[in-house]
Structure formats: structure tokens, C-alpha cells
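Peer 1: Structure for the following, please:
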Amino acid sequence: MRIAEKTGKTVEDAIEACLTELDVERNKVKIEVLEEPAKKGLFGLLGTRLAKVRVSYEDDHGALACDFLKSVCQCMGVQAEFSSLKKENQWFVNITGAELGILIGRRGDTLEALQFLTNLAISKKLSEKIRIVVDVEGYRQRREETLIRLAKRLSEKVKRTGNRVVLEPMNPHERRIIHTALQDDTRVSTFSEGDEPNRRIVISLKRTKEIS
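Peer 2: Next up, the predicted model:
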């Protein structure tokens, strides 16, 4: 929650100052009048006490992320719809529309960059670290299913041939999917080698000592 306290000649002046500082609309905040301005004194002279108000706003991380992504897409000339959903301590933002491949990029590279920028922008705006997952037309779910099938297929190849397999470079999230998919396989092991952004997963047979 963000809170601003301001003074002004009138209550309205103080409220407007708070709204400007918080950069939010009036219908989304809670307003408390802490002090009324002094009424006119003797001979019609104004009192010296200013109005004081407290304005509080509960940030909607999903809405902020959607607004940020909307502005990015507008700069890219991409028309899309944005929706958000909170699960536990994470916000999930899904982008839908026609011909959104440009937002995904090769192997999801552009999507990862959009997600990184979104988390950076919102965390900076709110001065707190948050986790926002950005997806385009359910791409991440489809990609995860594809990677799991790939992991299973390649692990069978390793067990059949005895030769290790080196996968294409992947980002940390996708590597984690491969590791998790094969973590319960008693005959193969997985590890990563190389440096970012060319870090790859290797699937190999477990050594006899590892199996026992």
C-alpha cells in the first residue's frame, strides 16, 4: 500500500497534491481528512491552519503490469488485449490477439525480455521486488509441454545408445523444466554447462555409483 499526506489551502487542494504524488485516479483511493483548514477569522481574515489529508492506495500489480505492457505494444505497433490473475504471491499476465509472434520471438527470447522489463519497471515504480509472469496466447504452457516431451524422448535415446545428449541453449526457466522432468529418472542425470546466454543442458547416463 502507498500512502501520501499533504496540506493545502483547501481539502481539495491537499487531495489533488496526494493524487499527483501517487499518480492514481481519485476513485481508486481512500481519503482521510486529518485537519480542516482554519475558518475565516476576525474581519474576514483567513486563518493560518492548512487542510491536511491522507490518501492511501492499494496497488494492483496486475493492472500496472498490463498498463506497462500496453504502452510497450503501442510503441511496437501491436494491437492486443491484456488480462491479469494473481496466484499465491505471483501475478500472471496474458496477452491475447492476432499475429503476436513478434512478442514471443525466437524460442521465446522476446517474451523473456518483455517479462524482465515488466518486472523491472513495476518493481521500480512500487519500490518493492515482485514477481510477474508474462505470457502470450498460452505460449509458456505449450512450450513447457513441448520441453517435457523432448526431455523424455532424449532421455530414452541416452539410455538406448549410452551417449550423452547436449540440448540447444535455453534460458534458466526452460532449463529448470528439463531438470524437473527428468529428476525422478533413476538411469539418467542432467546438468548445465556453458555461460549465458549459451548455457545448455546435458543429459547423460548415471554412473554406476550414482545409481547405487
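Peer 1: I'd guessed Gly138 sits against Asn94; true?
Peer 2: Yes - in this structure Gly138 lies within contact range of Asn94 using CB atoms under 8 Å: 7.2 Å. (Glycine included, C-beta is placed from N, CA and C.)
Peer 1: mind exporting stretch 186-199 as CSV, just the C-alpha atoms?
Peer 2: Coordinates of each C-alpha in stretch 186-199 appear next as CSV, following Å, rounded to 0.1, in the frame of the first residue of the first chain:
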residue,chain,number,x,y,z
THR,A,186,17.0,-43.3,-12.0
ARG,A,187,19.1,-44.0,-15.1
VAL,A,188,19.9,-40.5,-16.4
SER,A,189,21.2,-37.3,-14.9
THR,A,190,21.1,-33.7,-16.1
PHE,A,191,23.4,-30.8,-15.6
SER,A,192,24.1,-27.5,-17.3
GLU,A,193,27.3,-26.3,-18.9
GLY,A,194,28.5,-23.2,-20.7
ASP,A,195,27.8,-19.5,-20.0
GLU,A,196,24.7,-17.4,-20.5
PRO,A,197,23.1,-16.9,-23.0
ASN,A,198,24.6,-20.1,-24.5
ARG,A,199,24.2,-22.3,-21.4
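Peer 1: Buried residues of it, list them for me.
Peer 2: Within stretch 186-199, the residues that qualify as buried are Val188, Ser189, Thr190, Ser192, counting by 16 or more other CB atoms under 10 Å.
Peer 1: Now do the same for the third one: helix, strand or coil?
Peer 2: Of the three states, Thr190 takes strand according to DSSP: H, G, I helix; E, B strand; the rest coil.
Peer 1: which residues pair with Phe82 across the strands?
Peer 2: Per DSSP bridges, the residues bridged to Phe82 are Ile95.
Peer 1: Please list all residues in contact with it.
Peer 2: Taking CB atoms under 8 Å, 6 or more residues apart in numbering, we find Phe82 in contact with Cys66, Leu69, Lys70, Val93, Asn94, Ile95, Thr96.
Peer 1: Mind doing that once more with 10 Å?
Peer 2: Counting by CB atoms under 10 Å, 6 or more residues apart in numbering, Phe82 makes contact with 62-63, 65-70, 73, 93-97, 134.
Peer 1: Specify the helix with the largest residue count in this structure.
Peer 2: In the chain, taking DSSP state H as the definition, the longest helix is helix 139-161.
Peer 1: can you give me phi and psi for the spatially most central residue of the chain?
Peer 2: Most central in the chain under CA atoms, centre = their mean is Ile132, positioned 1.9 Å from the mean C-alpha point. For Ile132, the backbone dihedrals (degrees, to the nearest 10) come out as phi -120, psi 130.
Peer 1: No further queries at this time; thank you.
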